[in-house]
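A.B. asks: Okay, structure incoming, though there's no sequence with it:
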Ligand SMILES: NCc1[nH]cc(CCC(=O)O)c1CC(=O)O
């Protein structure tokens, strides 16, 4: 079998993820080759992703290369993936999930959202994190902070903020655990769909035998079940990572519990619901919960967000 050609973005975190995947494939007896590509999302650093607005800013170039057959699979952070992929693309595997929550990162050892004495300036550009900060910690000052992990930490060191809110997974994978000053509770900062999880994307013309071997080497079934529920939720909200929605599914044996919601960007109104059921119905559970949240006021929040974008 010829080497599995693995497409990835060029950021350090993306390369870490691609190498992690290559390693799993090699352990299963396959040869691999990495193909790093630059995407629009990596090039445009001065505009927030919400404002760039177009779908798939981190995936377009990679999907073009998948479709043309230059690569067999692409490795992504699952949370960066749109809930509906373009025609012909699919996620064929999800690797074992890292701790999914957000953390506060700072050089100041006592930096804390809940216990801090001095007012904190926190850097983030995620609409979800900004809204949750406004909602739970209105005294915190928020500054817009884009760029990859290393860039954000550099900006913090230059004094643009005291602390950053980041996904634990990225911080840990990049070896910055020492800078974590607080683990944000999963109940307050419910993670966005897919956080901490690596998704493997392929195009329909991938050879079925190759596809089967890749999936067998990479897919972690419990993670996949959780992700199916979370992504079904996001699909019904017709969103990607730029809407302030969150969903987090957990498994307890064959029971799946999904906790999800949406918050308006100003942090005034937070809608949150939970649903439990048979893990076999993961997608139905995510879909139903999205329906409940839309009916409970989520629809108005979404409509407002779409109206704002069109102004
Ligand atoms: N928003 C960008 C992004 N996409 C994936 C991760 C790392 C965590 C993950 O893989 O879920 C990050 C950084 C962050 O949000 O802190």
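C.D. replies: Done, it's in. Here the structure is a predicted model, which is why all the values come from computation and not from measurement.
A.B. asks: and residue 129, what does it touch?
C.D. replies: Contacts for residue 129 (C-beta atoms under 8 Å, 6 or more residues apart in numbering) come out as 102, 165, 189. C-betas here are computed from N, CA, C, even on glycine.
A.B. asks: Looking at neighbours, which among those residues is most surrounded?
C.D. replies: Ranked by neighbour count (other C-beta atoms under 10 Å), the contacts of residue 129 have residue 102 at the top, with 28 neighbours.
A.B. asks: so that one makes contact with residue 180?
C.D. replies: No: Residue 102 is beyond contact range of residue 180, at 10.4 Å (criterion: C-beta atoms under 8 Å).
A.B. asks: Can you check which residues contact both of those two?
C.D. replies: Here residue 102 and residue 180 share the contacting residues residue 168, scored by C-beta under 8 Å, 6+ apart.
A.B. asks: can you map out the helices along this structure?
C.D. replies: Secondary structure of the chain (DSSP state H): helices at 12-27, 40-43, 49-52, 60-67, 127-136, 149-157, 168-173, 208-218, 221-236, 282-293, 299-310.
A.B. asks: Ok, which of those comes nearest residue 253?
C.D. replies: helix 221-236 (10.2 Å; C-beta to C-beta).
A.B. asks: Return the distance of the closest one from the chain's centre.
C.D. replies: Mean-position distance between helix 221-236 and its chain equals 12 Å (C-alpha atoms, centre = their mean, to the nearest Å).
A.B. asks: Buried ones in that helix, by neighbour count?
C.D. replies: Within helix 221-236, the residues that count as buried by 16 or more other C-beta atoms under 10 Å are 223-236.
A.B. asks: Between the residues you listed, which sits nearest residue 309?
C.D. replies: residue 234 (17.2 Å).
A.B. asks: my guess is that closest one contacts residue 246, does it?
C.D. replies: No: under the criterion of C-beta under 8 Å, residue 234 makes no contact with residue 246, lying 9.7 Å away.
A.B. asks: Give me every residue in the stretch 101-250 of the chain lying close to the ligand.
C.D. replies: Within the stretch 101-250 of the chain, the positions near the ligand by C-beta under 6 Å from any ligand atom are 166-167, 169-170, 195-196.
A.B. asks: looking at the chain, which helix or strand does the model trust least?
C.D. replies: helix 49-52 (a mean of 54; mean pLDDT, DSSP states H and E).
A.B. asks: Could you chop this structure up by domain?
C.D. replies: Using automatic domain parsing, the domain ranges for the chain come out as 1-95+197-219, 102-183, 221-311.
A.B. asks: got the end-to-end distance for the second one?
C.D. replies: Yep, that's domain 102-183 we're talking about. Distance across domain 102-183, first residue to last, is 7 Å (C-alpha to C-alpha, to the nearest Å).
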